[in-house]
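Asker: everything below, folded, please.
(2 chains)
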Amino acid sequence: MAVKKFMFVNRKAPFGTIYALESLEVVLIAATFDQDVSLVFLDDGVYEIVKGQNPKGLGIKNHSPTYRALDGYDVEKLYVERESMEARGLTEADLLVPVEVLSSAEMADLMAEQDVVLSF
Amino acid sequence: MLHIVNKSHTQTSSLRSCLRLAKAGSALLLIEDAVYAATQAGVASSGIADAMKQLKVYALQPDVEARGMAGKLVDGVTAVDYAGFVDLVAEHSNNQSWL
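Answerer: A predicted model of the protein is given here:
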C-alpha cells in the first residue's frame, strides 16, 4: 500500500467538544496502516496537550496521556504553531509531549505538502 | 491547496486562522456563514480584501443567495455553484476545512 502524508489539524480545546478525542482515535487508526502521520496543534488545539489535565470531576476519561503513547505507534511528528501557543500564554514547558514549534509560514509550507489534511 | 471556511468571521476565528496559514497562490472557498466575509460590508474587517491580493477567493452562490447577499459580493470574488465546488476540490492536490 502506498504511504500517504496525513496531517491531523487540531484546533479545539479538549473537553468542550468531542473533536480532540475523535482526532486521537483516527490518528491511531492511520498509524495502524503505517501512514506518514503528522499532528498539528493550532489555535485552541494547543490546550489539548497542556500538562496536568484532570477531568476526573467531569466523569470523563483523561485521554491526554495518549499523546505520550503515540511514540509507540511511530507517530513522532507533533507540531505546534508558535503564534497559537504564545497567544495563550503557553511555552513548550507547559506541554506534555515533545513538539516542534513552527512559525506560521513554516506551518503553511508543511500543510501545503500533505496528501490528506483532516480537520478536528 | 484549497482552503474551505464555513463560519462567519464575526463569530469564530476560523477565517483569521485560515488567512494566517494559507500560502500565496492558494484558493479559498467561502461557504455557509463564511460568505458574509466576501460582501461589500464585510470584506475589510474580515481580511478578505487584503487576502485577495494573494489568494484566489470563491464563494458558494447558493449560500450567498440564501442569505440575501446576491449582488453584494465584492468584485474579484468568484461565485461558484455546487458543481463548481466539486471542480475546485478535484483541481487541487489537497484541501483543508477550517471547522
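
Asker: now A:Leu28: how far from chain B?
Answerer: 20 Å (CB to the nearest CB, to the nearest Å). All C-beta spots, glycine's among them, are computed from the backbone N, C-alpha and C.

Asker: wasn't A:Thr17 part of a strand?
Answerer: No. Read with DSSP: H, G, I helix; E, B strand; the rest coil, A:Thr17 is coil and lies in no strand.

Asker: what about it, neighbour count?
Answerer: A:Thr17 is flanked by 13 other residues according to other CB atoms under 10 Å in any protein chain shown.

Asker: that one: what's it in contact with?
Answerer: Neighbouring residues of A:Thr17 by CB atoms under 8 Å, 6 or more residues apart in numbering or on different chains: there are none.

Asker: roughly how far apart are it and A:Gly52?
Answerer: 20 Å (CB to CB, to the nearest Å).

Asker: what does B:Ala90 give?
Answerer: 45 Å.

Asker: can you list contacts of the least confident helix or strand in chain B by mean pLDDT?
Answerer: Across the helices and strands of chain B, mean pLDDT, DSSP states H and E gives its lowest value to helix B:61-66, namely a mean of 93. Outside helix B:61-66, the residues that touch it by CB under 8 Å, 6+ apart are B:Leu30, B:Ile31, B:Glu32, B:Asp33, B:Val35, B:Ala70, B:Lys72, B:Leu73, B:Ala79, B:Val80, B:Asp81, B:Tyr82.

Asker: which residue is the nearest non-sequential neighbour of the third one?
Answerer: Counting by CB to CB, 6 or more residues apart in numbering or on different chains, B:Glu32 lies nearest to B:Asn6, which is 4.1 Å off, once chain neighbours are set aside.

Asker: what of the second one?
Answerer: Distances taken as CB to CB, 6+ apart put B:Leu60 closest to B:Ile31, at 4.4 Å, once the chain neighbours are dropped.

Asker: show me what contacts the one you found?
Answerer: Counted by CB under 8 Å, 6+ apart, B:Leu60 has contacts B:Leu29, B:Leu30, B:Ile31, B:Glu32, B:Val35, B:Ala79, B:Val80, B:Asp81, B:Tyr82, B:Phe85.
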